[in-house]
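> 3D model of this:
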Amino acid sequence: MDANRAQNDQQRHNWLRTFNRRFYNPLILRFAGRWIYGVLEHTGRSSGKTYRTPLVIAKTGHMCYIPLPYGSNTDWCRNVLKADGGQVTLGGKTFRVAEPVIVPAAHALPAFGALLRISLHMARIEHYLRLRVVPYSGGQNS
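Prediction:
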């Protein structure tokens, strides 16, 4: 019975990932970069193509934190890990980010506002991607 439940959970999980990629993400990209959603620009591991993925992102000081509700095996996360970073647009500003590290929730949750922190905790998201904000060579982040 537990094997059937795990298989059903995995099927729902895969369906939700596909739905988000095809329908939800394109819709969210229309206003991402403002509010709690940011845009992570990253380069495909094999294709070299540039992708823009809308994500919940928190920035504190020189660090950005991104929840990993589907784990670290998503295409965008694997791309960022392989490329050692990317670019984040959040609150109307764009930052270069590097040194991606998977961290536990206890390290990341304090970066989020109270209501979002409660929601993320209730969603039982165990891991987050931490990225260090780095200056663009020859100038400031915009």
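> all the helices of the chain, residue numbers only.
2-19, 25-28, 75-83, 105-108, 114-122 (DSSP state H).
> by mean pLDDT, flag the weakest helix or strand of the chain.
Sorting the helices and strands of the chain by mean pLDDT, DSSP states H and E puts helix 25-28 at the bottom, at a mean of 64.
> mind giving me the domain split of this structure?
Split into domains by automatic domain parsing, the chain comes to 1-30, 31-134.
> give me the mean pLDDT for the longest one.
The predicted model gives domain 31-134 an average pLDDT of 93.
> distance check, the closest residue to residue 125 other than its chain neighbours against residue 105.
In this structure, residue 125 finds its nearest non-sequential neighbour in residue 67, 4.7 Å apart by CB to CB, 6 or more residues apart in numbering. Glycine gets a C-beta too; all of them are placed from N, C-alpha and C. Look at residue 67 and residue 105: by CB to CB, to the nearest Å, they are 9 Å apart.
> more crowded one of those two?
Shown here are residue 67 and residue 105; by other CB atoms under 10 Å, residue 67 has more neighbours (22 against 18).
> could I get the contacting residues of that one?
Residues near residue 67 by CB atoms under 8 Å, 6 or more residues apart in numbering: 55, 56, 108, 120, 123, 125, 128.
> beta-bridge partners for the first one, please?
What it means is residue 55. residue 38 (DSSP bridges).
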